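Trainee: when you get a sec, could you give me coordinates for this:
(one chain, ligands or ions: 2)
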Amino acid sequence: MNTLTWLPEFTLQQPRMDRTHQEFVDLLAAVEAAAPGEAADAALQTLLAHTEAHFEQEEDWMARLGFAGENCHSMQHESVLQVLREVVRRHGLAADAALVGHLVAALAQWFPVHASMMDAALAMTMAERGLDPETGTLLQPQAAGAAAITGCGGSRCG
Ligand SMILES: [Fe+2]
Ligand SMILES: [Fe+2]
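Mentor: Ligands and ions are numbered 1, 2, ... in the order given. Below you'll find the model as predicted:
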């Protein structure tokens, strides 16, 4: 399998987001380490619930910043959740260690790219616009009449 471990470069200077991302890395490692069968099932369910909350949190921040509901960052979240939910469903029907291995490898490849581009762009926009991640308050609201943001806000994302 393809273990993902936390690296200093994953830090985005956004403590709430960084904490959630560290938890994601730990929960993915727990899925990888779980014994096949019920333990793997439980670890997958925990990872799914955490990832749903993780993405919901980022999407709430995006909504407060004026991102369109269907921006590229949110669409990528949705694709990942579809795969994760399908793996959890299929694993619940018949434990399949190979399926879990493929999921872990795919998420281990996906996370560093997503964090360094989309989440980094979101963290930067949050800092620029003064969004408090704990309270959701925004120092610089979107100008009245401004178009919703459809990209992820980064220079490498359309
Ligand atoms: Fe994230
Ligand atoms: Fe994200």
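Trainee: the top helix by length along the chain packs against which elements?
Mentor: Looking only at the chain and at elements set by DSSP state H, the helix with the highest residue count is helix 38-65. Secondary-structure packing of helix 38-65 (3 or more CB pairs under 8 Å, 6 or more residues apart in numbering; DSSP states H and E): helix 15-33, helix 72-93, helix 97-114, helix 120-129. No exception for glycine: its C-beta is placed from N, CA and C like everyone else's.
Trainee: could you give the mean pLDDT of the first one?
Mentor: Going back to what we said before, that points to helix 15-33. When pLDDT is averaged along helix 15-33, the result is 97.
Trainee: format the helices and strands packed on helix 38-65 as JSON lines; extra columns: mean neighbour count and distance to ligand 2.
Mentor: Output for those, formatted as JSON lines (neighbours: other CB atoms under 10 Å; distance: least, CB to the ion, whole Å):
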{"stretch": "helix 15-33", "mean neighbour count": "17", "distance to ligand 2": "8"}
{"stretch": "helix 72-93", "mean neighbour count": "15", "distance to ligand 2": "6"}
{"stretch": "helix 97-114", "mean neighbour count": "16", "distance to ligand 2": "6"}
{"stretch": "helix 120-129", "mean neighbour count": "19", "distance to ligand 2": "7"}
